[in-house]
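Trainee: fold the following, please.
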Amino acid sequence: MLTEGLAELVPPGVQRYFRAPIRSTTVSVSRVPGTVSSPTSRLVWREGMCGHLQFRSGRCPTRAGEVAVSVADTRNYGWRTGSAVTMEERVGDPAAVKAHPAPRARLRVVGVYTVVPGDYWYGAGPTGQSGTAAQNTRQPLIDDWLTPRSTLAGTAAVGWLDPAEEVDLRLNRAVVARSSASDLRCRGSASGPHHPRTRWGR
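Mentor: Predicted coordinates for the structure are as follows:
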């Protein structure tokens, strides 16, 4: 299901308690050749992301195949604006890889970013992983590589096998404050005061 349809899964009686949905698409990738020592990351498109980033160099990616990397990634891996890196999708289902070889994409770094703090990131920003290792595989980790949606979906995409589509819904506190406790209870616990945001996805 595409992100456009995910927001429609929210019951109509609940929708007014939330601000406009923020859609995102994510693909897990590793640097080619995709061995246990290859750095691993996520390609991420998040709706409106360019307005919540600052750039040490370059710009926000806008065309298919363009990415922005974190400041920490430039220190840990040596990538800079203008670097070109080939990434391969990490697919958890061996049968899927057997039927279709893992897609690869040649990506060009067009910006080096830092994050503007705020609830836009749903408490899980794109940085903080670079230079660490995955607990299960010990593969080196990279911060999220931010990219336009056209890299991950549409005619310019390489045919990713397992993209994750999500929609984040942030609680509209002003509307909730005007609502009675009974109104909130009848619409389910996910819209209660202890759930400032609800994530709907597959």
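
Trainee: and the residue nearest the centre of this protein?
Mentor: In the chain, the centroid-proximal residue (CA atoms, centre = their mean) is Val44; its distance is 3.6 Å.

Trainee: tell me the secondary structure at it.
Mentor: strand (DSSP: H, G, I helix; E, B strand; the rest coil).

Trainee: count of residues packed around the closest residue to it other than its chain neighbours?
Mentor: Sequence neighbours aside, Asp144 is the residue nearest to Val44 in space, at 4.6 Å (criterion: CB to CB, 6 or more residues apart in numbering). Placement of C-beta: from N, CA and C, glycine included. Per other CB atoms under 10 Å, the neighbour tally for Asp144 reads 26.

Trainee: elements contacting the longest strand anywhere in the chain?
Mentor: Using DSSP state E to define each element, the chain has its longest strand at strand 104-115. Where contact means 3 or more CB pairs under 8 Å, 6 or more residues apart in numbering; DSSP states H and E, strand 104-115 is packed against strand 53-58, strand 66-70, helix 71-77, strand 84-89.

Trainee: which residues sit against the shortest one?
Mentor: Contact partners of strand 66-70, identified using CB atoms under 8 Å, 6 or more residues apart in numbering, comprise 43, 53, 55, 58, 60-61, 79, 107-114, 126-127, 130, 142-148, 151.

Trainee: recalculate using a threshold of 7 Å.
Mentor: 60-61, 79, 107-113, 127, 130, 143, 145-148 (CB atoms under 7 Å, 6 or more residues apart in numbering).

Trainee: same deal with the third one?
Mentor: Counting by CB under 7 Å, 6+ apart, the neighbours of helix 71-77 from elsewhere in the structure are 39, 56, 79-80, 112, 114, 127, 130-131, 142-143.

Trainee: just the closest of those residues to Pro101, please.
Mentor: Taking CB to CB as the measure, Pro101 sits nearest to Pro39 out of those, at 20.4 Å.

Trainee: hang on, the earlier thing: which among the contacts of strand 66-70 end up buried?
Mentor: 60-61, 79, 107, 109-113, 130, 143, 145-148 (16 or more other CB atoms under 10 Å).

Trainee: just the closest of these to Ile22, please.
Mentor: Using CB to CB, the buried ones among the contacts of strand 66-70 come closest to Ile22 at Leu146, 13.9 Å.

Trainee: I figured the closest one hits Leu43, correct?
Mentor: No - if you go by CB atoms under 7 Å, Leu146 and Leu43 don't touch, sitting 8.2 Å apart.

Trainee: pLDDT below threshold where in the protein?
Mentor: 1-13, 15, 93-99, 176, 179-202 (pLDDT under 70).

Trainee: many thanks, have a good one.
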